[in-house]
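In: Need the 3D shape of this:
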Amino acid sequence: MHMADMPRKNHEPDVSVIIGAYDAMPYLVRCLESVEAQTIGADRMEIVAVDDGSTDGTGAFLEEFAARTEIPMRVVRQPNSGGPSGPRNRGLGLARGRYVFFLDADDYFGEEALERMVAMGDRAGTDVVLGKIVGVNRGAAKSMWKETVERADLFSSNIKFTLSAQKLFRRDLLVRLGMAFDEKLKTGEDALFTMEAYLRGNGVSVVADYTCYYLVGREDRNQMTKKGGYTRRFDSARALMGLIAEHVPPGPRRDALMVRPFVITLLPQFGPGLVKQKPEVRERKMALAAPLMKAYWTPELGRHLKVDERLRLMCIAEGRLDLLLDIAAFLRDKKEPETVRRGNPPRPHLAYPHFGESSVLPDSAYEVTVTEWVGGRRIEAPRNKPRPSFARRVVRKARRSVLSALRAPRAHRV
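Out: Okay, here's the model as predicted:
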């Protein structure tokens, strides 16, 4: 029997669409229309909407919509909680579907989104399904939508770079693990939740051949992501790094995942803007980053990064704000580093500030180890004898032991 045709317990829906809404008009209108237009059909889903203390008529519109839609829908109205985690947790507690999808009230679905994602989860038996996301009036990550895959490898694929909550999650996983959004975190709470589901669930699927989700950039910029001071970013990085370290032992796999919090969460705090910040802010940022560098930074992790990213993180690890500011000023002025070939065999290096003159930043720190673009030119990392991936090394070792067993004299074979 196909899983989609299996009888559902107590008329449980296939999917609960959880919408946390705060002052979401007029975006909410299109959002709800996109749920109603889903080809999966009203009998296979439900809506759980939580109005988080809106003052613009959002709550009234949700109730009015619930009264006229064929989709089973519950509306909860509560005082403002100060962030998206509270409403999502409240909605998750009320959801009855086999899957849940956290839909932001500003955004909207492609018509076949839920049908395709539920079918994928059922076919692959995975606990998280990513549907292709496209930005409207804003950018959206693209690197993870190259192909549809039933089971993506968390360590080698780019799914670690999409940790927003707008995914299909198998509710049984969330209930079994007692998972919830961390209401103490004011930013990055969705990254923590999604990464935990990636790490502890039974696999992740990607639906890349259909736009499932439209991520809308609001004209009024009332998105929570835009708000909040820099200390929140460090709280977010600390939490995500801690989660990864808890579930993945030190080594290549941990390094591959740590690229995400180091580059996306931590490094933007040490960008070109650092040059014009107050000295006390810079010092505070260095102090907040220091324990994270000490605990989780490795030279191997640095090999996954672009040269300017690696250099800045090495300066932070060494406590060298002076060198870091020189590199930040170079980036602010949009200067282009010269490409220099060094070593035997010669390898491309990018001559950012202090190349060849600092013991803190040895020549190897400037070596190109991933593809880079400088002034419109593509600079490839040398491919001679690349370090095999963790999985490839395991396979190679296994193959060697099998071959040596086969080559052994027959009398000695076991």
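In: Pull out the buried positions in the lengthiest strand in the chain.
Out: Under DSSP state E, the strand in the chain containing the largest number of residues is strand 204-216. Going by neighbour count (16 or more other CB atoms under 10 Å), the buried part of strand 204-216 is 204-208, 211-216. Every residue, glycine included, has its C-beta placed from N, CA and C.
In: just stretch 263-278 next, same as before
Out: Under 16+ other CB under 10 Å, the buried positions of stretch 263-278 are 263-267, 269-270, 274-275, 277.
In: same deal with stretch 153-170?
Out: Residues 154-155, 157, 159-160, 162-170 are the ones in stretch 153-170 that count as buried (16+ other CB under 10 Å).
In: Make JSON lines out of those and add pLDDT and secondary structure.
Out: Converted to JSON lines, the buried residues of stretch 153-170 look like this (pLDDT from 0 to 100; DSSP: H, G, I helix; E, B strand; the rest coil):
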{"residue": "Leu154", "pLDDT": "95", "secondary structure": "coil"}
{"residue": "Phe155", "pLDDT": "94", "secondary structure": "coil"}
{"residue": "Ser157", "pLDDT": "93", "secondary structure": "coil"}
{"residue": "Ile159", "pLDDT": "96", "secondary structure": "helix"}
{"residue": "Lys160", "pLDDT": "95", "secondary structure": "helix"}
{"residue": "Thr162", "pLDDT": "94", "secondary structure": "coil"}
{"residue": "Leu163", "pLDDT": "95", "secondary structure": "coil"}
{"residue": "Ser164", "pLDDT": "94", "secondary structure": "coil"}
{"residue": "Ala165", "pLDDT": "96", "secondary structure": "coil"}
{"residue": "Gln166", "pLDDT": "97", "secondary structure": "coil"}
{"residue": "Lys167", "pLDDT": "98", "secondary structure": "coil"}
{"residue": "Leu168", "pLDDT": "98", "secondary structure": "strand"}
{"residue": "Phe169", "pLDDT": "98", "secondary structure": "strand"}
{"residue": "Arg170", "pLDDT": "98", "secondary structure": "strand"}
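In: For the stretch 151-300 of the chain, give me the ranges with low pLDDT.
Out: 220-228 (pLDDT under 70).
In: Please list all residues in contact with Pro79.
Out: Taking CB atoms under 8 Å, 6 or more residues apart in numbering as the contact definition, Pro79 lies against Gly53.
In: From Leu168, how far out is it?
Out: Between Pro79 and Leu168 the distance is 29 Å, computed by CB to CB, to the nearest Å.
In: for Leu331, same thing?
Out: With the distance defined as CB to CB, Leu331 ends up 38 Å from Leu168.
In: repeat for Asn344
Out: To Leu168, Asn344 is 51 Å away according to CB to CB.
In: tell me the contacts of the closest residue to Gly20 other than its chain neighbours?
Out: Residue nearest to Gly20 in three dimensions, not counting chain neighbours: Pro87, with 3.0 Å by CB to CB, 6 or more residues apart in numbering. Shown here is Pro87, whose contacts under the criterion CB under 8 Å, 6+ apart are 20-22, 50, 52, 78, 81.
In: now do 7 Å
Out: If you count contacts by CB atoms under 7 Å, 6 or more residues apart in numbering, Pro87 has them with 20, 50, 52, 81.
In: doesn't Thr55 fall inside a helix?
Out: No: for Thr55, which was evaluated using DSSP: H, G, I helix; E, B strand; the rest coil, the result is coil, with no helix membership.
In: residues near the nearest residue to it once chain neighbours are set aside, how many?
Out: Distance criterion CB to CB, 6+ apart; nearest residue to Thr55, sequence neighbours excluded, is Asp23 at 6.4 Å. Counted with other CB atoms under 10 Å, the neighbours of Asp23 add up to 18.
In: mind checking the SS state of Asp23?
Out: At Asp23 the chain is in coil, as set by three-state DSSP.
In: hmm, who's touching stretch 148-166?
Out: With CB under 7 Å, 6+ apart as the contact definition, stretch 148-166 has outside contacts at 88, 102-104, 123-124, 126, 130, 133, 141, 143-144, 190-191, 193-195, 198, 203-209, 213, 253, 256-257, 260, 264, 389-390.
In: State the distance from Tyr198 to Trp297.
Out: Distance of Tyr198 to Trp297, computed by CB to CB: 22 Å.
In: give the contact list for Pro26.
Out: For Pro26, no residue meets the contact criterion (CB under 7 Å, 6+ apart).
In: Quick one, grab the pLDDT at it.
Out: Confidence at Pro26, expressed as pLDDT, is 95.
In: i'd like the first residue to be 337 from this point on
Out: Sure, I'll start numbering at 337, so the last one becomes Pro362.
In: how much space between it and Pro718?
Out: Taking CB to CB as the measure, Pro362 falls 54 Å from Pro718.
In: Buried residues in the helix or strand in which Ala455 is found, which are they?
Out: The secondary structure element spanning Ala455 is helix 449-460 (assigned by DSSP states H and E). When neighbours are counted by 16+ other CB under 10 Å, the buried residues of helix 449-460 are found to be 449-458, 460.
In: Name the residues of whichever strand or helix holds Cys367 that are buried.
Out: Under the criterion DSSP H and E, the helix or strand holding Cys367 is helix 363-372. Within helix 363-372, the residues that qualify as buried are 363-364, 367-368, 370-371, counting by 16+ other CB under 10 Å.
In: continuing past that helix, what's the next helix or strand?
Out: Heading C-terminal from helix 363-372 (DSSP H and E), you reach strand 381-388.
In: Next secondary structure element downstream of that next one?
Out: Remark: after strand 381-388, the chain's next helix or strand is helix 394-404, criterion DSSP H and E.
In: contacting residues around the helix or strand just after that following helix?
Out: Proceeding N to C from helix 394-404, the next assigned helix or strand is strand 409-414, under DSSP H and E. Here strand 409-414 makes contact (CB under 7 Å, 6+ apart) with 382-389, 395, 398-399, 402, 426, 430.
In: For Ala573, state which of the residues you listed is nearest.
Out: Closest approach between these and Ala573, by CB to CB: Asp388, at 25.8 Å.
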